[in-house]
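> Sequence plus the predicted model coming up.
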Amino acid sequence: MIRINKFLAQCNLGSRRGVESIIKDGKVKVNGKVVTDLSMQIDPDNDEVVVGRKKVALISDKIYIMLNKPKKYLVTASDDFDRKTVFHILPDFGVHLFAVGRLDYMSEGLLLLTSDGDFADRIIHPRYKLPKVYKVLAKGAVTDEQIEKLRNGVVIEGKMTQKAIVHVKSRSAGKTVIRITIFEGRKRQIRYMMKAVGSEVLELKRLQIGDVKLGSLTTGMWRVLKPSEITNMLRQSGQNRKTDQKNDK
C-alpha cells in the first residue's frame, strides 16, 4: 500500500507536495470515486487511479501494460496515413514502449506492451511455447476435416505451423466460431492458417497469453500487469524451455 500523494509523485505528476493541490482540488479519482484525503492509502496493483480523464500508473525503468486493443488501431508508434495507433490510447509513460507480438489492424483483444526487451522475448519467441488463445469467427461452416488440419499444422509461407489446440464453439450455415490456442507467434498466423484450410477470418480476438487473460477489461482500456502475472509468465516460459531442452537430449 502507498499514500495517494506519494503514488502520484511516482507517476511523474510533480513533487509529493506539488500533487497535493491536484488531490485537494478534487481532480483525482480512485476506483471511480473522488479522493481529497491526502493520507489515503492505495494498492497500485489493484486500484484504478484517474487524474482528470487520464488513468495513471507508476513510472519505472520497466513497464508492463495489458491493453484490450480495439479494431482499426495499428500496433505501431506512427502511421504515414495518419490512422490511429494503440499509442493514442495509452498515456505517455516517459519511456519507449513496444508491443509483445502484434495484432493486425482489424484484430482486437489482448495486447501486451513493455519497455523490457528480455520479457518481450521470453513471451513471444516460439522456443518458449507460451500459449496464445484466440476467438475466431470464420466464414462458412468449417468442417471437422478442416479443424483436424488446423490441429496438426498447416503450411504457411513455406513452413509448417506447430500443432494447435482447436475447438469449435458453434456452427451455422454461414459462420463458425472457433477457439484456437497456438504456441508460436508468426505474422498474421491465425488468418493464414484459416486461409490454408480454405476458410476466412471474419473477426479475430486474442483472449489470453500464458496465464494472463483479457477477462472483463473493456475494449480500449488498459491496466498495469500485476507483479504476480509477470512472474508467472516468466516462470511458465522458463519451464517450457527446460522441458523442450530435456526432450531434445
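Sure thing, it's come through. If you're wondering where the values come from, they're calculated on a predicted model, not measured in any experiment. Numbering: from 1, shown residues only.

> buried stuff in stretch 143-161?
146-147, 149-150, 154, 156, 161 (16 or more other C-beta atoms under 10 Å). For the C-beta atoms, the positions are set from N, CA and C on the backbone; glycine is no exception.

> among those residues, which two are most distant?
Ile147 and Ile156 (16.6 Å; C-beta to C-beta).

> What's the local residue count around the nearest residue to Ser237 once chain neighbours are set aside?
Distances taken as C-beta to C-beta, 6 or more residues apart in numbering place Tyr128 nearest to Ser237, at 3.8 Å, with adjacent residues excluded. As a burial measure, Tyr128 scores 21 neighbours (other C-beta atoms under 10 Å).

> how much space between Tyr128 and Lys135?
23 Å (C-beta to C-beta, to the nearest Å).

> cool, Lys159 as well?
25 Å.

> and what of Val50?
In terms of C-beta to C-beta, Val50 sits 29 Å off from Lys135.

> Which one's more surrounded, those two?
Counted by other C-beta under 10 Å, Val50 and Lys135 do not tie: Lys135 has more neighbours, with 18 against 15.

> State the helix or strand in which the more buried one lies.
For Lys135, the element it lies in under DSSP states H and E is strand 132-139.

> immediately after that strand, which helix or strand?
Criterion used, DSSP H and E; the element after strand 132-139 is helix 144-152.

> Now do the helices in this protein.
4-10, 16-24, 117-124, 144-152, 189-196, 227-248 (DSSP state H).

> what residue ranges in the protein score low on pLDDT?
Judged by pLDDT under 70, the chain has its weakly predicted residues at 12, 14-16, 59-61, 240-249.

> So for it, the centremost residue is which one?
Nearest to the centroid of the C-alpha atoms of the chain, with distances taken as C-alpha atoms, centre = their mean, sits Leu111, at 2.2 Å.

> Quick check: beta-bridge partners of that one?
Leu67 (DSSP bridges).

> switch to numbering from 52
OK, 52 is where the count begins now, so the last one is Leu162.

> Please report the distance of it from Val206.
Taking C-beta to C-beta, one finds Leu162 at 27 Å from Val206.

> Ok, Gly191 next?
Counting by C-beta to C-beta, the gap from Gly191 to Val206 is 21 Å.

> what about Asp172, how many residues close to it?
Quick note: Asp172 (other C-beta under 10 Å) scores 13 neighbours.

> how much space between it and Phe144?
Taken as C-beta to C-beta, the span from Asp172 to Phe144 is 20 Å.

> Likewise for Val228?
36 Å.

> do the same with Val187
Counting by C-beta to C-beta, the gap from Val187 to Phe144 is 32 Å.

> How about Ala108?
7 Å.

> now Tyr115
Taken as C-beta to C-beta, the span from Tyr115 to Phe144 is 11 Å.

> out of the two, which sits in the more crowded spot?
Using other C-beta under 10 Å, the more surrounded residue of Tyr115 and Phe144 is Tyr115, with 24 against 19.

> With only the CA atoms kept, save stretch 76-94 in PDB.
Only the C-alpha atoms of stretch 76-94 are listed here, as PDB (Å, rounded to 0.1, in the frame of the first residue of the first chain):
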ATOM      1  CA  ASP A  76      -9.000  20.300  -6.000                       C
ATOM      2  CA  GLY A  77     -10.900  17.000  -6.500                       C
ATOM      3  CA  LYS A  78      -9.200  16.100  -9.700                       C
ATOM      4  CA  VAL A  79      -8.200  12.600  -8.600                       C
ATOM      5  CA  LYS A  80     -10.500   9.500  -8.600                       C
ATOM      6  CA  VAL A  81      -9.700   6.200  -7.100                       C
ATOM      7  CA  ASN A  82     -11.900   3.300  -8.400                       C
ATOM      8  CA  GLY A  83     -14.300   5.900  -9.700                       C
ATOM      9  CA  LYS A  84     -14.600   8.000  -6.500                       C
ATOM     10  CA  VAL A  85     -13.200  11.500  -6.000                       C
ATOM     11  CA  VAL A  86     -10.400  11.500  -3.300                       C
ATOM     12  CA  THR A  87      -9.400  14.500  -1.400                       C
ATOM     13  CA  ASP A  88      -7.800  12.800   1.700                       C
ATOM     14  CA  LEU A  89      -4.000  13.100   1.300                       C
ATOM     15  CA  SER A  90      -3.500  10.300   3.800                       C
ATOM     16  CA  MET A  91      -5.500   7.700   1.700                       C
ATOM     17  CA  GLN A  92      -3.600   4.500   1.000                       C
ATOM     18  CA  ILE A  93      -4.000   2.800  -2.300                       C
ATOM     19  CA  ASP A  94      -2.900  -0.500  -3.800                       C
END
